[in-house]
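S.K.: okay, here's the prediction I keep looking at, along with the sequence it came from:
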Amino acid sequence: MRDERLLEMRVFKAVVEAGGFTAAANLLGVSQPFVSQMMSSLERRLGVQLLHRSTRMQRLTSEGERFLLSCNSILDSLEEAEAQVRASEPSGNLRISAPHAFGMDQLVPALPGFMAKYPKICMHFSLSDSNVNLIEDNFDVAIRMGRLQDSSLRSRKLCDLQRVVVASPDYLARHGQPVTPHGLSRHTCLTWEAPREHLNQWPFMVNGQAETLTVQGNFRSTDGTTLFQLCMAGMGIMRLAEHLAVPAIRRGDLVPLLSDYQAKDDTAIHVVYLPERQVVPRIRAFIDYFVEVFREPPWHL
């Protein structure tokens with residue numbers, strides 16, 4: 001008797017990723033009744049419902065979510081086994097999410113080298129300052145800045161993350177320079193909107209003691225690039241990631257402030273991924289490549 005379990009898994013995965021039976025049929029190049037038959041056979045054999053269906057939408061049941069993880073793992077392992085036999089180079093679709101400013105400033109300039117090295121990988125690159133859900137939002141890997149939340153995700157560190165308090169020469173010419181951290185209360189600071197409001201708490205070392213100040217300003221944003229551009233335009237003081245701050249300071253576009261009170265950030269930039277995806281060649285290639293790129297952070301050179 002023919003074993004159709006792998007075929008059922010592929011059909012189920014396509015239905016989830018495409019968003020429906022008809023779209024999955026088009027993606028797989030089969031008929032819609034065939035997809036419906038495969039899904040019915042799969043759910044009947046497993047004895048559970050994998051999808052909640054309605055006339056307007058469908059969503060995974062809790063059993064469906066768990067089964068999708070297993071399907072991804074099994075299908076990726078199959079792909080890896082075949083790739084090893086063929087000794088083929090990494091290939092296929094690779095979906096990446098990264099913070100907007102870091103992505104544009106650091107990842108995008110390094111992408112041509114990666115794509116030249118792995119021409120069979122088709123990249124889907126998304127920039128967002130929100131933390132995506134790798135499963136729900138269908139990403140293979142994501143770049144995360146700051147402290148990692150406890151989760152089942154695997155991670156590899158790219159580099160340390162340090163932030164620096166800066167302002168433009170124009171802003172300082174008009175408003176003066178804070179002498180101590182508490183002097184920031186008399187200045188306009190560029191601040192983050194939720195869910196990044198914790199970044200409005202700026203750490204300092206005052207008389208050898210750690211002290212955190214919550215800064216205020218008349219402009220808030222969820223987008224780091226926007227805050228950086230306004231800082232460059234002289235609209236306020238910002239606590240800015242080093243990858244943007246250091247080059248701007250060297251160019252004379254920004255001035256470091258409160259250096260004597262600088263606190264060491266115990267944070268880093270990581271690449272995160274699902275544990276069952278670490279053996280997939282295209283994902284491993286991306287991670288290894290960018291770990292090497294940031295072994296010596298470019299802004300430190």
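M.R.: Looks like it arrived, so ask away.
S.K.: where along the stretch 151-300 of the chain do the strands fall?
M.R.: Secondary structure of the stretch 151-300 of the chain, counting by DSSP state E, counting those that start in this stretch: strands at 154-161, 163-167, 190-192, 201-206, 209-214, 219-221, 238-241, 255-256, 267-273.
S.K.: adding mean pLDDT, mean neighbour count and distance to Asp3, write those out as a markdown table.
M.R.: Every residue, glycine included, has its C-beta placed from N, CA and C. A markdown table is the format used below for the strands of the stretch 151-300 of the chain (pLDDT from 0 to 100; neighbours: other Cβ atoms under 10 Å; distance: least, Cβ to Cβ, whole Å):
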| stretch | mean pLDDT | mean neighbour count | distance to Asp3 |
| --- | --- | --- | --- |
| strand 154-161 | 91 | 18 | 31 |
| strand 163-167 | 96 | 23 | 55 |
| strand 190-192 | 96 | 22 | 53 |
| strand 201-206 | 93 | 16 | 57 |
| strand 209-214 | 92 | 12 | 60 |
| strand 219-221 | 94 | 16 | 54 |
| strand 238-241 | 95 | 26 | 52 |
| strand 255-256 | 96 | 16 | 65 |
| strand 267-273 | 92 | 20 | 30 |
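S.K.: in stretch 37-52, which residues are buried?
M.R.: 38-39, 42-43, 50-51 (16 or more other Cβ atoms under 10 Å).
S.K.: of all the strands of the stretch 151-300 of the chain, which one comes closest to Leu68?
M.R.: Between Leu68 and the strands of the stretch 151-300 of the chain, the shortest gap by Cβ to Cβ is with strand 267-273, which sits at 15.9 Å.
S.K.: the helix ranked longest in the chain packs against which elements?
M.R.: In the chain, assigned by DSSP state H, the helix with the most residues is helix 62-86. Packing partners of helix 62-86 (3 or more Cβ pairs under 8 Å, 6 or more residues apart in numbering; DSSP states H and E): helix 5-18, helix 281-293.
S.K.: hey, least reliable of those helices by pLDDT?
M.R.: Lowest mean pLDDT within these: helix 5-18, at a mean of 88.
S.K.: what does that one rub up against?
M.R.: By Cβ atoms under 8 Å, 6 or more residues apart in numbering, the residues outside helix 5-18 that reach it are 21, 24, 26-28, 35, 38-39, 41-42, 45, 50-51, 58, 60, 64, 67-68, 71-72, 74-75, 78, 138.
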